[in-house]
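K.L.:
Let's see this in three dimensions:
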Amino acid sequence: MKKNTGLWIDHKKALLVSIEGDNAHVQSIESGADSHFKPSGGWKAGGTSVAQSVSKEHSVEESLKHQYRAFYKKIIALLSDSTGIVIFGPGEAKIELANEISKNNSALQEKVIAVEPCERLTENQFIAKVKAFFINQ
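P.N.:
Presented below is the predicted three-dimensional model:
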């Protein structure tokens, strides 16, 4: 039986809706990435406060990239048995995930039907959106 999957994603969480026949299975995944950068140290704490802030900001960005990449890999593993995939989301995360799929999983890339913008929806609204998308395919 065909398993179509709709995915709503931002940098904080992802909502997967898998549809097989009339059944819809919903799964929520938290990214665990913490994007709150708070420069610490102060003036005279080993260099200028600006230089410290810039170097810490760079290491925080690198850490976030690794956290996002791990988050995307977890999602890719969950998508592996889908026959059709559509990715929704409000920001850059949907594009970053699509790029991660295209770089690392060509078999899965062929299953991605669309990547579309979509603001935050309730779980039931998203299930309806995914069902409607695949009915029209």
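K.L.:
From now on I want contacts and neighbour counts done on CA atoms only, so please keep to that.
P.N.:
Fine.
K.L.:
Packing partners of the lowest-mean-pLDDT helix or strand in the chain?
P.N.:
Of all helical and strand segments in the chain, the minimum by mean pLDDT, DSSP states H and E falls on helix 49-79, at a mean of 80. The contact analysis (3 or more C-alpha pairs under 8 Å, 6 or more residues apart in numbering; DSSP states H and E) places helix 49-79 against helix 93-104.
K.L.:
got the angle for the helix it packs on vs helix 49-79?
P.N.:
70 degrees (axes from the mean of the first three to the mean of the last three C-alpha atoms, to 10 degrees).
K.L.:
what is the rounded mean pLDDT of helix 93-104?
P.N.:
For helix 93-104, mean pLDDT rounds to 93.
K.L.:
who touches that helix?
P.N.:
W8, I9, D10, H11, R69, Y72, I76, I87, F88, L108, Q109, V115 (C-alpha atoms under 8 Å, 6 or more residues apart in numbering).
K.L.:
Distance from the chain centre to it, please.
P.N.:
9 Å (C-alpha atoms, centre = their mean, to the nearest Å).
K.L.:
One more: stretch 76-85?
P.N.:
Taking C-alpha atoms, centre = their mean, one finds stretch 76-85 lying 14 Å from the centre of the chain it belongs to.
K.L.:
What residues of stretch 75-84 count as buried?
P.N.:
Across stretch 75-84, burial judged by 16 or more other C-alpha atoms under 10 Å covers I75, I76, L79, S82, T83, G84.
K.L.:
about what we covered before: most neighbours out of the contacts of helix 93-104, which is it?
P.N.:
I9 (29 neighbours; other C-alpha atoms under 10 Å).
K.L.:
picking that back up, taking the contacts of helix 93-104 one by one, which sit in strands?
P.N.:
Secondary structure from DSSP state E places W8, I9, I87, F88, V115 of the contacts of helix 93-104 in strands.
K.L.:
Tell me which two in these are the farthest apart.
P.N.:
Greatest spatial distance among the ones in strands among the contacts of helix 93-104 (C-alpha to C-alpha): I9 and V115, at 10.7 Å.
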